[in-house]
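J.: Okay, predicted coordinates and the sequence, questions at the end:
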Amino acid sequence: MTRYVSLVVTACLSAVAGLAFQRVFGFGPVAPVAAVAAAVPTVLCGLLSGPRKEKRPWPLWISLVLTVAAWTGTVAVTVLRPALSDGTFPQAVREGVLGSWKSILTTLLPAPAKPEFLVLVNVLVWLAAFASAEIALRTRLRALPAVPPLGVWAVALLLGVDGPGSNLPLAAATVVLIAVLVLVRADGPDAGPAWRPLLSGLPVAAVLGALALVAGPVVPVSADPYDPREQVQAPPPQQRDSVSPLDRVGGWLLSPDQVMFTVVSKRDEIERLAVLDTFDGVTWTSSARFVPTGSRVPEGPKPRKEHAVAQRVTIGALPGVYVPAPDRPRQVDGLGVVVDPASGALAAAKPLVSGRTYTVESEVPEWSADDLAGAGVADDAEARADRRLPWGPGATTPPVQLAEFRRFAEAATQGAVSPIQKAAMLAEYLKRYAKYDVTAPPGHGYRQLDYFLGEGRRGTPEHFATAYALLARTLGLPSRVVVGFDGGNRSGGTVQYRSGDVMVWPEIKFAGLGWIRFNPLPDSARRSKSNDSVAAGETEKKLEQAQKNAASRTRGSGPGRTPQKTPPKPAAAHDTPTPWWVYASIAAAALVVAYLMAVLLAPALRRRRRRTGPPGDRITGAWHQALDHLADVGLSTARTLTAHEVAGFGAAQVGEDARGHLGPLADLVNRSRFAASGPDPRAADRAWHHTDQLGRLVTAKAGRLRRLRRRLHPRSLRDPRASGRRAG
C-alpha cells in the first residue's frame, strides 16, 4: 500500500516539474499536457509493475514497450490531434522530439503553444513519471523516485531563462512533495499504513516548502543566469517585405484617403511601422533579426517616466507584413508576429489581410529636458554601425556628396557643443530650410538628397527624415529612419489612420536613453485637424520642447564660454565587485548543506547495505540495525552482552513489546551463526520485519526529535558495527 501511495506523490512531482514550463508557454497550454503526461504512465506502471499477491511484477522490458505504445496513442489524441487528422503525425513527432528545443531557444518567450513545441513537454514529463513510478515500485530507496522529475526541472529552467513569471511557488511545492515522498517510504514495505508517518511529517514538509518560498527571492546571487540562447545561432536576417514602407510613402501621400487601419484606444499615439537602420548609398533597409514570439516583446532602455497604452487595431488597406504599434510594444495578442529584439519592431508571420484584428500594449516614454541635457552619444556596437556612411554599391571612391553633406551639417549646427544641441539645431535648421511638398519626386539616395538640399528644397517626409539621418551621421551621431503614422481622424473611441497620415522621422541614439525621435518637418507638414485628436500632438510637442530646452542649457556661441561637461556615466550594476560576505555566506551554506546531506544519507546507505546480500548477512545486518535503534534509548555498547541480554535491555527500556521482537530476532541471529545449515531468505525477511517493528517502538518511546538529534551528530557518519565483534 505504501508503494501505491508513493505513486500519487511521484505523479504530482512529475506534473509540477512539467508546470515549470509555464515560463516558456504560460500555465494555460502547459497544465493539461503535464497532467495527462504524469497520470497515464503512472497508472500504467501501477498495473504492470506493482506488487501482486504471490506473483512477481511484469518484467521491466514489457513496461518499456507498453509505455512507448501508450505514449504514441496518448500524444496522437491529445497534443498532436491536428497532425493526426492531416496526415503529418510522423513529421510532427520527429520535429517535436528532436527539433523543438532549438526552435524554443530561438523564440522570444513566451513561445507560441504550437503542438510540436508542446510535444517536448509531454515526452519529458511522461519519461519522468514512468521512471519515477518504476523506481518507486521496484526499489525501496526513499528519495530516488524524485530524481527524474528534477531532470525535467533542469530542462524547464534552461529553456525558461528570461521568461515571464516565476517558478518559485512550484519549487516550494517540489520541496514539499519530496519530503512527503520520503515520509511515505520512510520505513519500507512493512511499515503499515502510510498515513502514520505523514501525521508528524506533513507539518515539517509544509515548513520546508514555506522556507523555500520565502528564502528564494533573497538568495544572494550576483551573476546573471546562464542563458543557452546565447549558444544557439539566431536565424539570419530576412527581407520581410519585397517593398520597403519608405518606398511607399510618396504613393500614399498622393492618394491620401485610403484607410490603412483603425485603432480603438483612449489615447492617440504615433504609430510606428518599420525601423530602417542600414543605408547602402541608395536605399534604407532594416538589419532586424526577427525571431518568433508568443506575445511578449523584450523591454528596451527604461525611461524615468512613461505611460501605458492599450490598443485594439484592425487592419484595413495596409499592405506588407510590418505591424503598426505605439513606440516599443510590450505585448501583442491575436496576431502571429515575429519581433526584432533590438528595436522592438513587429512583423506578421504572414502578409496582413484586411479585417485582421489584434491587441497591443505599449509603454511610451516621456523624456524631459533634464533627461536629455546631459546625455552623451551612444557608443555601443549598434551605434557604431548606425554612424556608417557607405560609398554606394560598387563604388571604389567616396561620393562627392559626402563632403557637401558634412559642410551643410556643420553650418547648420555651428556653435553647438553637445550632442543634444547638434541634433536639435539640425532639426530646426531643416524645418526652415526646405518646404513640404507631397509632389516631390521620391528617392533618398545620395543624388536625390543632394538635389533636395541643393536645388529643389522641396520634399516629403521621406526626404526630410533621410536627409536628417545622413547629415547626423556626418556629425558622428548614430541615426536611423522610422516609418509610421501620425494624426488620424478620431470618432469617439476609434481613430482612423489613412494613407495621408503616413510619417517618416529620424531617431538619434543617446547613451543610457536609447533612441530619441526628432522632427525636421516644417510646421506646414502637420495636417490640420477638425477633430479631437490632440493627445499625440501634445506628446510630440512636449518632446520637441524638451529637446529645445535641453539644447539651450548647453549652448555656447562664442569664445570664453566653457561648455558644460557631460556628467560621467554611472558604473553599471554588474561592474560593482561582489562583497566578500556573499562568497562567505555561500561557502558556509554549502558546507551546512553538504554536512546535512552526509549525516542524513549515511545511515540510509548503511541500512540499505545491511538489507542486501546472502540471507546470513541480511540477518546480521538486521541485528546491527536493531542495536542502532536501541542506542537511541541508552544502549552504549553490546560487546559484553549476549543477544538475549540485549533483548532484556530492550524490554526494560522500550517495553515488553520490544521483547516480542528482540527475542525472535536473537534466536534468528544465533541459528544463523551456529546452525549446521544456513538460513533461508524467508528467515532474513522475518529478521528485518522484527527490526522494522522495533524501530517504530523506539521512535514512539524516544521521540522523533531525539532520534533526529542523534542522527545529526557527527558519529552517525561512522558505522559502529563495522569493526570488532558485537553481541550475539
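T.: Cool, got the structure. It should be emphasised that the depicted structure is a prediction, and the values quoted were computed from it without experimental measurement.

J.: thought Thr2 was touching Val184?
T.: Yes. Here Thr2 reaches Val184: they are 6.1 Å apart, a contact under CB atoms under 8 Å. (Each C-beta comes from the backbone N, C-alpha and C, glycine too.)

J.: Looking at these two, which one has more neighbours?
T.: Val184 (24 against 19; other CB atoms under 10 Å).

J.: In the stretch 51-200 of the chain, where is pLDDT below threshold?
T.: Applying pLDDT under 70 to the stretch 51-200 of the chain picks out residues 51-57, 187-200.

J.: and the protein, what are its domains?
T.: Taking automatic domain parsing as the reference, the chain has its domains at 2-231, 245-365, 370-481+501-556, 581-717.

J.: Nearest to Thr494 among these would be which one?
T.: domain 245-365 (5.3 Å; CB to CB).

J.: Distance from the closest one to the middle of the chain?
T.: 25 Å (CA atoms, centre = their mean, to the nearest Å).

J.: low-scoring stretches of the stretch 351-500 of the chain, by residue?
T.: Using pLDDT under 70, nothing in the stretch 351-500 of the chain is flagged.

J.: Which stretches in it count as strands?
T.: Counting by DSSP state E, counting those that start in this stretch, the stretch 351-500 of the chain has strands at residues 357-365, 435-436, 458-459, 479-485, 489-491, 494-498.

J.: so which of the ones you listed is the most packed in?
T.: strand 479-485 (a mean of 25; mean count of other CB atoms under 10 Å).

J.: what angle sits between that one and strand 494-498?
T.: Counting by axes from the mean of the first three to the mean of the last three CA atoms, to 10 degrees, strand 479-485 lies at 120 degrees to strand 494-498.

J.: Tell me the strands beside strand 479-485, with direction?
T.: Applying DSSP bridges, strand 479-485 is found paired with strand 271-276 (antiparallel), strand 502-510 (antiparallel).

J.: Now render those as TSV, adding mean neighbour count, mean pLDDT and distance to Gln311.
T.: What follows is those, written out as TSV (neighbours: other CB atoms under 10 Å; pLDDT from 0 to 100; distance: least, CB to CB, whole Å):
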stretch	mean neighbour count	mean pLDDT	distance to Gln311
strand 271-276	26	92	9
strand 502-510	26	94	17
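
J.: Looking at those strands, spot the one closest to Gln653.
T.: strand 502-510 (80.0 Å).

J.: Name the next helix or strand following that closest one along the chain.
T.: Remark: after strand 502-510, the chain's next helix or strand is strand 514-517, criterion DSSP states H and E.

J.: Touching that next one from outside, list them.
T.: 270, 300-301, 343, 367, 372, 378, 423, 480, 482, 505-510, 543, 547 (CB atoms under 8 Å, 6 or more residues apart in numbering).

J.: Could you do stretch 146-162 as well?
T.: Contacts of stretch 146-162 (CB under 8 Å, 6+ apart): 10, 13-14, 16-18, 20-24, 101, 104-105, 109, 124-125, 127-129, 131-132, 135, 167, 174, 177-178, 181, 225-229, 298.

J.: if we go to 6 Å?
T.: 13-14, 17, 20-21, 23-24, 104, 124, 128, 131-132, 178, 181, 225, 227-228 (CB atoms under 6 Å, 6 or more residues apart in numbering).

J.: and what of stretch 269-285?
T.: Counting by CB under 6 Å, 6+ apart, 245-246, 286-287, 309, 322, 324, 326, 343, 345, 364, 386, 390, 392, 445-446, 480-486, 536 sit against stretch 269-285.

J.: Separate out the buried members of these.
T.: Neighbour counting over the contacts of stretch 269-285 (16 or more other CB atoms under 10 Å) leaves 245-246, 286-287, 309, 322, 324, 326, 343, 345, 364, 386, 392, 445-446, 480-486, 536 as the buried ones.

J.: wait, which of the domains of the chain is closest to Val495?
T.: domain 245-365 (4.7 Å).

J.: tell me the contacts of Gln653?
T.: By CB under 6 Å, 6+ apart, the neighbours of Gln653 are 633-634.

J.: Repeat that for Glu306.
T.: 363, 365.

J.: who does it bridge with?
T.: In beta-bridge terms (that is, DSSP bridges), Glu306 pairs with Pro365.

J.: Also the one 4 residues further on?
T.: Per DSSP bridges, residues listed as beta-bridge partners of Ala310: Glu361.

J.: just checking, it touches Glu361?
T.: Yes. Assessed by CB atoms under 6 Å, Ala310 is found in contact with Glu361 at 5.1 Å.

J.: Make sure Thr42 is actually in contact with Glu134.
T.: No. Judged on CB under 6 Å, Thr42 makes no contact with Glu134 at a distance of 10.0 Å.

J.: hmm, back to that, can you lay out the strands paired with strand 479-485 as CSV showing distance to Thr474?
T.: Listed next are the strands paired with strand 479-485 as CSV, based on distance: least, CB to CB, whole Å:
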stretch, distance to Thr474
strand 271-276, 18
strand 502-510, 13
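
J.: before we move on, back to that, among the contacts of stretch 146-162, which are in strands?
T.: Nothing among the contacts of stretch 146-162 maps onto strands, per DSSP state E.

J.: which among the residues you listed end up buried?
T.: Members of the contacts of stretch 146-162 classed as buried by 16+ other CB under 10 Å are 13-14, 17, 20-21, 23-24, 104, 124, 128, 131-132, 178, 181.

J.: Most widely separated two among these?
T.: Ile104 and Leu181 (29.7 Å).

J.: got a list of what Asp437 touches?
T.: Arg458.

J.: Could you tell me how many residues sit around Thr72?
T.: Other residues close to Thr72 by other CB under 10 Å number 12.

J.: what does Tyr4 give?
T.: With other CB under 10 Å as criterion, Tyr4 counts 13.

J.: roughly how far apart are it and Val43?
T.: Distance check for Tyr4 against Val43: by CB to CB, to the nearest Å, it reads 11 Å.

J.: How about Val125?
T.: 14 Å.

J.: the more surrounded of those two?
T.: Val125 (32 against 14).

J.: so who does the more buried one touch?
T.: 14, 18, 34, 37-38.

J.: With pLDDT and distance to Asn519 as extra columns, can I get the residues you listed in CSV?
T.: Output for the contacts of Val125, formatted as CSV (pLDDT from 0 to 100; distance: CB to CB, whole Å):
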residue, pLDDT, distance to Asn519
Ser14, 94, 58
Gly18, 94, 51
Ala34, 94, 52
Ala37, 93, 55
Ala38, 94, 58
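
J.: ranking these by neighbours, who comes first?
T.: Ser14 (33 neighbours).

J.: who's in contact with it?
T.: 38, 125, 128-129, 149.

J.: Let me have the domains of the chain in CSV, adding distance to Val495 as columns.
T.: Shown next, in CSV, are the domains of the chain (distance: least, CB to CB, whole Å):
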stretch, distance to Val495
domain 2-231, 28
domain 245-365, 5
domain 370-481+501-556, 6
domain 581-717, 52
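
J.: To Gly493, which of the ones you listed lies closest?
T.: Between Gly493 and the domains of the chain, the shortest gap by CB to CB is with domain 245-365, which sits at 5.6 Å.
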